[in-house]
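A.B. asks: From the sequence below, what's the structure:
(one chain, ligands or ions: 2)
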Amino acid sequence: MPKVRRKKMTTGAPQMTTAEAAVASLLAHGLDTIYALPGVHNDDFFDALARNADKIRTVHTRHEQGAAYMALGAALATARAQAYCVVPGPGLLNSAAGLLTAYGMNAPVLALFGQIPQYAIGRGFAYLHEIRDQAGIIARLVDWSARIKAPREAPRLIAKAMQSMFAGRPGPAAIECAIDVWGRSGPVPAQAPLPIPNARIDDDAIKAAAKRLGAAARPLIVAGGGAQDASVEITQLAHMLQAPVLSYRRGRGVLDDRDPLSVNLPLGHELWAEADVVLAVGTHLHMPLLQWGVDRDLAIIRVDADPDEPARVAKPKVALVGRAAPILRRLLDVLPAHNARRSSRTDEMRERHARIRKRMARLEPQLSYLAAIRAELPEDGLFIDEVTQVGFVSRLAFPVHRPRTYISPGYQDNLGYGFATALGAQDARRDLPVLSISGDGGFLFTANEMATAVRHRIPLVTIVFNDGAFGNVRRIQQERYGNRLIASDLVNPDFVGFAESFGAAAMRVKSPDELRQALRRTFARRDGPTLIEVPVGIMPSPWEFIMMGRVRGG
Ligand SMILES: Cc1ncc(C[n+]2csc(CCOP(=O)(O)OP(=O)(O)O)c2C)c(N)n1
Ligand SMILES: [Mg+2]
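C.D. replies: Ligands and ions are numbered 1, 2, ... in the order given. Presented below is the predicted three-dimensional model:
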């Protein structure tokens, strides 16, 4: 029976190679760019890209991690699916940190991996780039993966991959294809993009949530990465409830930081201690649940795209599963009937912000450098955070005004993700200024991609804060390990000379004021990549504002 059906489906279907079918399918899903590094396993696929170069750009990087991170940055900056393609074995592993980060950040990144000849997979014949159980390795990195074994399978599997990247918790998907299958021809049936299923909204749960929130005396909203597309709804809810909105890394910008109800981590920690009802939207709630504590006086309402997420650490009072925006719109409809009369918390919040700001004022020069950046980076420009001193403070104190304009690596917090991720963001959003910050340690993880930036004329502005050290590690060794320094000093290139040697613009600035002037000049030009080196000394620790203790539940 299945055989008959298959025959019917392919009757009259055009003859194509697997590679041609895959490229046609990417185009059918709206992709216009692929980040890639070629090799013999994927030559037929790259030739199909070459023959479609007027429809899909191939941005080649200098290392596979660059390709994965660029696809990640492009996905985060556009909220659309993005793809990268690399060779199997070492190519796959080189890209794996990027794919892992895409998983942690719920980013729709499609990885296309080559494979050894189809007949030999799993047999250990020592083919070029062979790796044991490649499919098994991939299956640990993403939620959905498959291998294309014949041309006719390509459109369906790519459509399924695309669907999986947006269904439930969004995230990456992966497809393998053997070296001898990419070039094989056969009939290829048409396949339209598949619909993205969304969970039915549970009206009983909406009512329960509305009742609890409406009656709350000290409501608090916590916004994570899953709230980025629900900015309008969260802003309305916050005002309706006079509820502060806590955001840290991935939720920054969901509520405009000019709104006094937008609160940072240390203020959120205080408010968590006082809250009677918490509405957590698109967040693991990792720090609150695992570090700050819960007790019976706190009712938690979770909104999450992943049905397994809400009850993972502690069972919430109400769980709403699905995309945040439609759920919150329904909640906004029902809430007024249950909402208590509320007086404005503006004055209280302004006073509390002022107190936190005063405590954090010692975080210099980080705060002044961030102020210089904010003064010059337009509101809709993108800021790409890194695992560095200025980055840590940015998570607490860089004012963000719009959703999806602050990109931070989330719980992987992997050093070296920033520069290449920012390149992808800037490549995909050439209409906006994109600014990347790195430490000297993190920058050299993907500094080779400066060649990619110049080759593809990507006008990214990169600031490298150079303290000649894995500064964060060094400070921990100084403070907690009796100053026994190990593996934390760094030998660096002349960063300005380094960037210029690729043909990028570069300059060195020595103060926040100089940085501001350099940024103004650079943003006015935007005709290619620019590196700005900022030599810095030891910076004060931000950790007391990040790793905070238990305030509930004993
Ligand atoms: C992939 C990865 N490797 C190692 C670390 C551990 N780590 C965290 S911060 C840091 C040092 C960062 O140095 P740099 O980029 O120069 O920033 P600085 O702290 O000096 O500002 C290291 C090694 C990490 N977070 N991620
Ligand atoms: Mg450093």
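
A.B. asks: how about the residues of this protein that lie near ligand 1?
C.D. replies: Contact residues, the chain versus ligand 1 (Cβ under 6 Å from any ligand atom): 387-389, 413-416, 439-442, 465, 467, 469-473. All C-beta spots, glycine's among them, are computed from the backbone N, C-alpha and C.

A.B. asks: Could you pick out which of those residues are located in helices?
C.D. replies: 389, 440-442, 471-473 (DSSP state H).

A.B. asks: Just put these in a markdown table and tack on neighbour count and pLDDT.
C.D. replies: Listed next are these as a markdown table, based on neighbours: other Cβ atoms under 10 Å; pLDDT from 0 to 100:
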| residue | neighbour count | pLDDT |
| --- | --- | --- |
| Q389 | 25 | 98 |
| D440 | 25 | 98 |
| G441 | 26 | 98 |
| G442 | 24 | 98 |
| G471 | 22 | 97 |
| N472 | 22 | 96 |
| V473 | 16 | 97 |
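
A.B. asks: Excluding covalently adjacent residues, which one is nearest to the residue in the stretch 301-450 of the chain that ligand 1 sits nearest to?
C.D. replies: Residue of the stretch 301-450 of the chain nearest ligand 1, by Cβ to the nearest ligand atom: G439 (2.3 Å). Leaving aside its chain neighbours, G439 sits nearest to T388 (3.4 Å; criterion: Cβ to Cβ, 6 or more residues apart in numbering).

A.B. asks: so who does that neighbour touch?
C.D. replies: 437-439, 441-442, 465, 471-472 (Cβ atoms under 8 Å, 6 or more residues apart in numbering).

A.B. asks: okay, T10: pLDDT?
C.D. replies: pLDDT, T10: 56.

A.B. asks: G391 versus the residue of the stretch 201-350 of the chain found nearest ligand 2, what's the distance?
C.D. replies: Residue nearest to ligand 2 within the stretch 201-350 of the chain: R249 (19.8 Å; Cβ to the ion). Distance of R249 to G391, given as Cβ to Cβ, to the nearest Å: 10 Å.

A.B. asks: Who has more neighbours out of the two?
C.D. replies: G391 (27 against 22; other Cβ atoms under 10 Å).

A.B. asks: Which residue, neighbours along the chain excluded, lies closest to that one?
C.D. replies: G391 sits nearest to D385 (Cβ to Cβ, 6+ apart), 4.6 Å away.

A.B. asks: Can you give me the neighbour number for the one you found?
C.D. replies: 26.

A.B. asks: Mind exporting the C-alpha coordinates of stretch 151-160 to PDB?
C.D. replies: The C-alpha trace of stretch 151-160 is given here as PDB (Å, rounded to 0.1, in the frame of the first residue of the first chain):
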ATOM      1  CA  PRO A 151      16.000  12.900  -3.600                       C
ATOM      2  CA  ARG A 152      12.300  12.500  -3.000                       C
ATOM      3  CA  GLU A 153      12.800  12.700   0.700                       C
ATOM      4  CA  ALA A 154      14.400  16.100   0.700                       C
ATOM      5  CA  PRO A 155      11.400  18.400   0.500                       C
ATOM      6  CA  ARG A 156       9.400  16.500   3.200                       C
ATOM      7  CA  LEU A 157      12.300  16.200   5.600                       C
ATOM      8  CA  ILE A 158      13.300  19.800   5.200                       C
ATOM      9  CA  ALA A 159       9.700  20.900   5.700                       C
ATOM     10  CA  LYS A 160       9.500  18.700   8.900                       C
END
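
A.B. asks: Mind listing residues that contact that stretch?
C.D. replies: Outside stretch 151-160, the residues touching it (Cβ under 8 Å, 6+ apart) are 6, 10, 13, 16-18, 21-22, 24-26, 28-29, 110, 144, 146, 148, 175, 181, 184-194.

A.B. asks: Only whichever of those residues are buried, select them in PyMOL.
C.D. replies: To isolate in PyMOL the members of those that are buried, counting by 16 or more other Cβ atoms under 10 Å, one can use:
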select buried, resi 10+13+16+17+18+21+22+24+25+26+28+29+110+144+146+148+175+181+184+186+187+188+189+191+194
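
A.B. asks: Give me the subset of the contacts of stretch 151-160 lying in strands.
C.D. replies: 16-17, 110, 144, 146, 148, 175, 185-187 (DSSP state E).

A.B. asks: from those residues, which single one is nearest ligand 1?
C.D. replies: So of the ones in strands among the contacts of stretch 151-160, ranked by how close each gets to ligand 1 (Cβ to the nearest ligand atom), first place is L110, at 23.0 Å.

A.B. asks: Which residues are in contact with that closest one?
C.D. replies: 71, 81-84, 158, 161-162, 165, 172-175.

A.B. asks: Tell me which residue in the stretch 251-400 of the chain sits closest to ligand 2.
C.D. replies: T388 (6.4 Å).

A.B. asks: pLDDT wise, what is that residue at?
C.D. replies: With respect to pLDDT, T388 has a value of 98.

A.B. asks: and the gap between it and T530?
C.D. replies: For T388 relative to T530 (Cβ to Cβ), the value is 18 Å.

A.B. asks: Tell me which stretches of the stretch 451-554 of the chain form strands.
C.D. replies: Assigned by DSSP state E, counting those that start in this stretch, the strands in the stretch 451-554 of the chain fall at 461-466, 505-508, 530-535.

A.B. asks: Compute the number of surrounding residues for L265.
C.D. replies: 21.

A.B. asks: quick one: it and R395 touch, right?
C.D. replies: Yes. Counting by Cβ atoms under 8 Å, L265 touches R395, with 7.3 Å between them.

A.B. asks: got any residues that touch both of those two?
C.D. replies: In contact with both L265 and R395: 248, 546, using Cβ under 8 Å, 6+ apart.

A.B. asks: In the helix or strand M240 falls within, which residues are buried?
C.D. replies: Assigned by DSSP states H and E, M240 falls within helix 231-241. Across helix 231-241, burial judged by 16+ other Cβ under 10 Å covers 231, 233-238, 240-241.
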